[in-house]
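>>> fold the following.
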Amino acid sequence: MAIEPTTAPAASETWRPAHVYGMALTCLAAGLAIGYLLGGFRSPAAPQQAAANSAATSSDRPAAAGQMPGAGKMNPIADTRAQAAPSGASASPHPGHMPTLDEMRQMADKQAAALKEKLKSDPNNSAELMQVAAIYHSTHQFKEAADYYAKAVQADPKNVAARTKLATSLFRSGDADGAIAQLNRALSIDPSDANALFDLGMIRLQGKQDGRGALAAWQQLLKTNPQMSSERRAQVQKLMADVMTTLSDQRAMEGARSNDGHKANSN
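So this is what the prediction gives:
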């Protein structure tokens, strides 16, 4: 399910739906996702499920920030609930029934219960807060996920991974501006963070229809991460090429309209 832009883009930056959806499909086909890890882009949903299951079955083992899935997969075309349902709980009381958001909330509450109980005695445990947030994000409870990621950030303000994951949950809940603000904060701490730079480009493109802003973020990503594999670099470059093609098409269309206007006035 696509998240609509929160503000209208300037006339010169208007992206037709076909452009936005085309870019999203390119991301999906390339295996790209919001919150990819530095070692490689993450697959659509499996990392979320694995971490949610880990959080539910091993709540006494704090997960490293880089292993948490809160930033997760953002599929702007198909927001499939079944993919996000934690496999540690029954996806539905009836086989073949796609769980509703209320049912998924109940699953998340059940899986997060032990962690939330532990947090009562240690409310500033950033790792456990991120585990709870990951469970809620993986079941599409994005507002709750953002609330817990925000608490993790408050407990550990320099945690770039937590801010990046918070940004994704904010974006999925409809707050593109808040997501961008968190990513900019993360980049003020670590200007070369690959996750934050990639996500910033994606959110600028899909949430604000800002192709030039996306290009700037991805250019910085490639410049500051020379260790990126050739495959991942090629994927980012493909995204950039598609955006540049769209911007070029827009300029051509604007030029044609301008010429038509001049001809009409001269007549």
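
>>> only C-alpha atoms from now on, for both contacts and neighbour counts.
Fine.

>>> in what helix or strand does the closest residue to H137 other than its chain neighbours lie?
Distances taken as C-alpha to C-alpha, 6 or more residues apart in numbering place A145 nearest to H137, at 5.1 Å, with adjacent residues excluded. For A145, the element it lies in under DSSP states H and E is helix 142-155.

>>> and that helix, what other elements does it pack with?
helix 126-138, helix 160-172 (3 or more C-alpha pairs under 8 Å, 6 or more residues apart in numbering; DSSP states H and E).

>>> hang on, the earlier thing: how many neighbours does the residue nearest to H137 have?
The number of residues packed near A145 is 31, by other C-alpha atoms under 10 Å.

>>> for it, which residues are in contact?
Contacts for A145 (C-alpha atoms under 8 Å, 6 or more residues apart in numbering) come out as G70, V132, A133, A134, I135, Y136, H137, L166, S169.

>>> check which helix or strand covers V236.
Using DSSP H and E, V236 sits in helix 230-266.

>>> what residues sit buried inside that helix?
Of all the residues in helix 230-266, those buried under the rule 16 or more other C-alpha atoms under 10 Å are R232, R233, Q235, V236, Q237, L239, M240, D242, V243, T246, L247, Q250.

>>> wait, which of these is closest to Q206?
Of all the buried residues of helix 230-266, V243 has the smallest distance to Q206: 11.4 Å, by C-alpha to C-alpha.

>>> name the nearest residue to the closest one, sequence neighbours excluded.
Nearest non-adjacent residue to V243, counting by C-alpha to C-alpha, 6+ apart: G211, 6.1 Å away.

>>> report the separation between the one you found and F171.
To F171, G211 is 17 Å away according to C-alpha to C-alpha, to the nearest Å.

>>> again with P157
According to C-alpha to C-alpha, P157 and F171 sit 20 Å apart.

>>> turn the helices and strands packed on helix 142-155 into a markdown table, including mean neighbour count and distance to L101.
A markdown table is the format used below for the helices and strands packed on helix 142-155 (neighbours: other C-alpha atoms under 10 Å; distance: least, C-alpha to C-alpha, whole Å):
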| stretch | mean neighbour count | distance to L101 |
| --- | --- | --- |
| helix 126-138 | 30 | 11 |
| helix 160-172 | 30 | 14 |
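
>>> redo the ones you listed as JSON lines? Include mean pLDDT and distance to A150.
As requested, the helices and strands packed on helix 142-155 are exported to JSON lines (pLDDT from 0 to 100; distance: least, C-alpha to C-alpha, whole Å):
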{"stretch": "helix 126-138", "mean pLDDT": "96", "distance to A150": "9"}
{"stretch": "helix 160-172", "mean pLDDT": "97", "distance to A150": "6"}
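
>>> for G207, which of the ones you listed is the nearest?
Nearest of these (C-alpha to C-alpha): helix 160-172, 7.6 Å.

>>> which residues touch R233?
Applying C-alpha under 8 Å, 6+ apart, the residues near R233 are L222.

>>> and whatever helix or strand L187 lives in, what's buried?
For L187, the element it lies in under DSSP H and E is helix 176-189. Of the residues in helix 176-189, A176, D177, G178, A179, I180, Q182, L183, N184, R185, A186, L187 count as buried by neighbour count, 16+ other C-alpha under 10 Å.

>>> and if you look at stretch 215-231?
L215, A217, W218, Q219, Q220, L221, L222, M228.

>>> how far does it stretch from start to finish?
Termini of stretch 215-231 sit 18 Å apart (C-alpha to C-alpha).

>>> swap in stretch 147-163?
End-to-end distance for stretch 147-163, by C-alpha to C-alpha: 12 Å.
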